[in-house]
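A.B. asks: structure for the following, please:
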Amino acid sequence: MLYLIPTPLGHLKDITLRALEVLKEVDVLLCEDTRTSSKLLQHYQIQKPLSPYHQHNEHKIVDHLAEQMGAGKVFALITDAGTPGISDPAFLLVRRCIKEGIKVECLPGATAFVPALVNSGIPTNRF
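C.D. replies: Predicted coordinates for the structure are as follows:
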């Protein structure tokens, strides 16, 4: 299984309780930058194996990750800020999981566009 977990956009407390729960339960955390992710994990005292997953290695490791998930390992993908797949890596891995019949779940969480839209004062009924 693969969880896509949104991370805070700036303030470390802007994370959901469910995201923290899932981060504690998975086998491996895929991180855009392990140094950045380590700060969040240390803040919440979460210790899990970290593995880099970013635009420079995603093509090389997607097969291996799909194999491990197919064998029963549970992964979570987190990026430096926000939801994986919006402007960060996730597409290749999600597509591969779907092709292989591996369950993918994207948790709700931090977004930048919703607060910007609401704070803009423009009508949101047509958005």
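A.B. asks: neighbours of Val74, how many?
C.D. replies: 15 (other CB atoms under 10 Å). C-beta coordinates here come from the backbone N, C-alpha and C atoms, glycine included.
A.B. asks: err, Leu93, not the other one
C.D. replies: The burial count for Leu93: 25, using other CB under 10 Å.
A.B. asks: isn't there a strand covering it?
C.D. replies: No - with DSSP: H, G, I helix; E, B strand; the rest coil as the criterion, Leu93 is assigned helix and is not in a strand.
A.B. asks: which residues does it contact?
C.D. replies: Leu2, Leu30, Tyr53, Glu58, Val62, Leu65, Ala66, Leu77 (CB atoms under 8 Å, 6 or more residues apart in numbering).
A.B. asks: mind checking which of those are buried?
C.D. replies: The neighbour-count test (16 or more other CB atoms under 10 Å) applied to the contacts of Leu93 identifies Leu2, Leu30, Tyr53, Glu58, Val62, Leu65, Ala66, Leu77 as buried.
A.B. asks: need those in JSON lines (columns: pLDDT, distance to Thr36 and secondary structure).
C.D. replies: Listed next are the buried ones among the contacts of Leu93 as JSON lines, based on pLDDT from 0 to 100; distance: CB to CB, whole Å; DSSP: H, G, I helix; E, B strand; the rest coil:
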{"residue": "Leu2", "pLDDT": "98", "distance to Thr36": "20", "secondary structure": "strand"}
{"residue": "Leu30", "pLDDT": "98", "distance to Thr36": "13", "secondary structure": "strand"}
{"residue": "Tyr53", "pLDDT": "97", "distance to Thr36": "13", "secondary structure": "coil"}
{"residue": "Glu58", "pLDDT": "95", "distance to Thr36": "17", "secondary structure": "helix"}
{"residue": "Val62", "pLDDT": "97", "distance to Thr36": "21", "secondary structure": "helix"}
{"residue": "Leu65", "pLDDT": "98", "distance to Thr36": "20", "secondary structure": "helix"}
{"residue": "Ala66", "pLDDT": "97", "distance to Thr36": "25", "secondary structure": "helix"}
{"residue": "Leu77", "pLDDT": "98", "distance to Thr36": "14", "secondary structure": "strand"}
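A.B. asks: the nearest residue to Lys24 once chain neighbours are set aside: neighbour count?
C.D. replies: Spatial nearest neighbour of Lys24, excluding adjacent residues (CB to CB, 6 or more residues apart in numbering): Ile46 at 5.6 Å. Ile46 has 15 neighbours, counted by other CB under 10 Å.
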